[in-house]
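> my questions concern the predicted model and sequence given below.
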Amino acid sequence: MADNDDGSRGGIRSGFEEALLTIRMDQIIFLKAINAATRKSKKYLQIRASIEEVGIIEPPAVHEDRNLKGKYILLDGHLRVDILKELQVEEVTCLLSRDDEPFTYNKHINRIATIQEHHMILRAIERGVSEQRLASALNVDLRSIYQKRDLLLGICPEAVELLKDKVIAPKTFRPLKAMKPVRQVEVARLMNDSGVYTHSYVLALLAATPQDLLLHPQKPKRIQGLDSEKMARMEAEMEGLQKDFQLIEDNYAVDVMSLTFAKGYLAALLGNARVVKYLAGNQPDILREFERITETTSLNQHIPEF
């Protein structure tokens, strides 16, 4: 597939330049300061030990500053770059982003996403670093390295994409592996919608998963603390909740359009002084509700019913 002039392939534009860029530490602008408490955290010390043992596995991402010539805004990799500065390293090889997207990267600068950590471990192993050496570098049990190495075995790519930037305990992925890909995607979306990524939450969703959506539907589900009757009840309740959620999702666009039209009509109506005078004198309650509707900015706000 041929590359286009803008760095895209087949019409899909790449987010990064293909060539890595080596830049000096004094050229890098941090979006967020790393404080003393962060430098004492377990995650920071693990990354430092890893860098000292095997070097940088995942290059930091930067974007060229449009206002300051020769300066680069650090989008991703604040901890890694800070550690390199602490180790008195003078330059670092970075990915050069085509776009300035600080929010996307900055919201995760203090913690490495679980899937990102998995990919870092895989890259280290591909470069010939043994699991034992990684465990020593990260100061963790060897079983933890095995668990993180095999994190995504049995997880479909669509679910991985949905969870790729989330901080999730590795054991949370185990219940996902008991589900078929279509159910994995549903559960990943439910996790994102609720903002809950705990092992117990995914276990509850596994308990509520219909048997035909399990990877091995012939095997009965066994979840500690739940018998078959409770799991059947959870399945029924979850099915009802998903139908309600789908109904809300399907009707949302229509509701927004209806609200927009209603607001426009009522705004024009209340722009007529004679109408306002009549309502104020004869139907003040209705006038107040009309005014509230015109001030509504979200479907989450209360809409009066007549």
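Yep, that arrived. Numbering: from 1, shown residues only.
> tell me how this protein divides into domains.
Annotated domains of the chain cover 8-111, 251-294 [automatic domain parsing].
> looking at the ones you listed, which one has the lowest mean pLDDT?
Sorting the domains of the chain by mean pLDDT places domain 8-111 lowest, at a mean of 79.
> quick revisit: just say which of the domains of the chain is most tucked in.
Most buried of these by mean neighbour count (mean count of other CB atoms under 10 Å) is domain 8-111; its value is a mean of 15. (C-beta placed from N, C-alpha, C; glycine too.)
> any chance of CSV for the domains of the chain, columns distance to residue 183?
Below are the domains of the chain laid out as CSV (distance: least, CB to CB, whole Å):
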stretch, distance to residue 183
domain 8-111, 27
domain 251-294, 24
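> residue 145 is nearest to which of the ones you listed?
Across the domains of the chain, residue 145 has its closest neighbour in domain 8-111 (11.2 Å, CB to CB).
> how far does the closest one sit from its chain's centre?
Here domain 8-111 shows a centroid-to-chain-centroid distance of 19 Å under the convention CA atoms, centre = their mean, to the nearest Å.
> same deal with stretch 176-183?
19 Å.
> show the end-to-end separation of that stretch, please.
8 Å (CA to CA, to the nearest Å).
> need the contact partners of that stretch.
When contacts are defined by CB atoms under 8 Å, 6 or more residues apart in numbering, stretch 176-183 is touched by residues 153-156, 158-159, 184, 187-188, 202, 206, 209, 213-216, 221.
> show me which of these are buried.
155-156, 159, 184, 187-188, 202, 206, 209, 213-214, 221 (16 or more other CB atoms under 10 Å).
> any idea how far residue 267 is from residue 79?
Using CB to CB, to the nearest Å, we find residue 267 at a distance of 51 Å from residue 79.
> so what's residue 164 up against?
113, 115-116.
> mind putting those residues in TSV, neighbour count and distance to residue 69 included?
Converted to TSV, the contacts of residue 164 look like this (neighbours: other CB atoms under 10 Å; distance: CB to CB, whole Å):
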residue	neighbour count	distance to residue 69
113	15	33
115	21	36
116	17	31
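> out of those, which comes closest to residue 148?
Distances from residue 148 to the contacts of residue 164, taken by CB to CB, are shortest for residue 115, at 9.8 Å.
> which positions within the host helix or strand of that closest one qualify as buried?
Residue 115 is located in helix 114-126, with elements delineated by DSSP states H and E. When neighbours are counted by 16+ other CB under 10 Å, the buried residues of helix 114-126 are found to be 114-122, 124.
> now what about it, what contacts it?
54, 57-58, 112, 131, 134, 145, 148-149, 151-152, 160, 163-170.
> got the CA coordinates for it in CSV?
This file holds the C-alpha atoms of helix 114-126, laid out as CSV (Å, rounded to 0.1, in the frame of the first residue of the first chain):
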residue,chain,number,x,y,z
THR,A,114,-2.4,-1.7,31.8
ILE,A,115,-2.4,-2.6,28.1
GLN,A,116,0.4,-0.2,27.4
GLU,A,117,2.4,-1.9,30.2
HIS,A,118,1.7,-5.3,28.6
HIS,A,119,3.0,-4.0,25.2
MET,A,120,6.1,-2.7,26.9
ILE,A,121,6.8,-6.1,28.4
LEU,A,122,6.3,-7.8,25.1
ARG,A,123,8.7,-5.5,23.3
ALA,A,124,11.3,-6.1,26.0
ILE,A,125,10.9,-9.8,25.6
GLU,A,126,11.2,-9.5,21.8
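> how far out from the middle of the chain is it?
Using CA atoms, centre = their mean, the offset of helix 114-126 from its chain centre is 18 Å.
> what about that helix, average pLDDT?
Helix 114-126 shows a mean pLDDT of 83.
> state the next helix or strand along the chain beyond that helix.
helix 131-138.
> could you check the angle that next one makes with helix 114-126?
Interaxial angle of helix 131-138 relative to helix 114-126 (axes from the mean of the first three to the mean of the last three CA atoms, to 10 degrees): 130 degrees.
> what comes up buried for helix 131-138?
Buried residues in helix 131-138 (16+ other CB under 10 Å): 131, 134-135, 137-138.
> mind putting these into a markdown table with distance to residue 95?
Listed next are the buried residues of helix 131-138 as a markdown table, based on distance: CB to CB, whole Å:
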| residue | distance to residue 95 |
| --- | --- |
| 131 | 26 |
| 134 | 22 |
| 135 | 27 |
| 137 | 23 |
| 138 | 23 |
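> tell me the one of those nearest residue 45?
Nearest member of these to residue 45, counting by CB to CB, is residue 138, at 9.3 Å.
> not counting its neighbours along the chain, what's nearest the closest one?
residue 46 (4.8 Å; CB to CB, 6 or more residues apart in numbering).
> now do residue 198
Leaving aside its chain neighbours, residue 198 sits nearest to residue 172 (6.6 Å; criterion: CB to CB, 6+ apart).
> quick revisit: isn't the residue nearest to residue 138 right up against residue 139?
Yes: at 6.2 Å, residue 46 and residue 139 qualify as touching, with contact defined as CB atoms under 8 Å.
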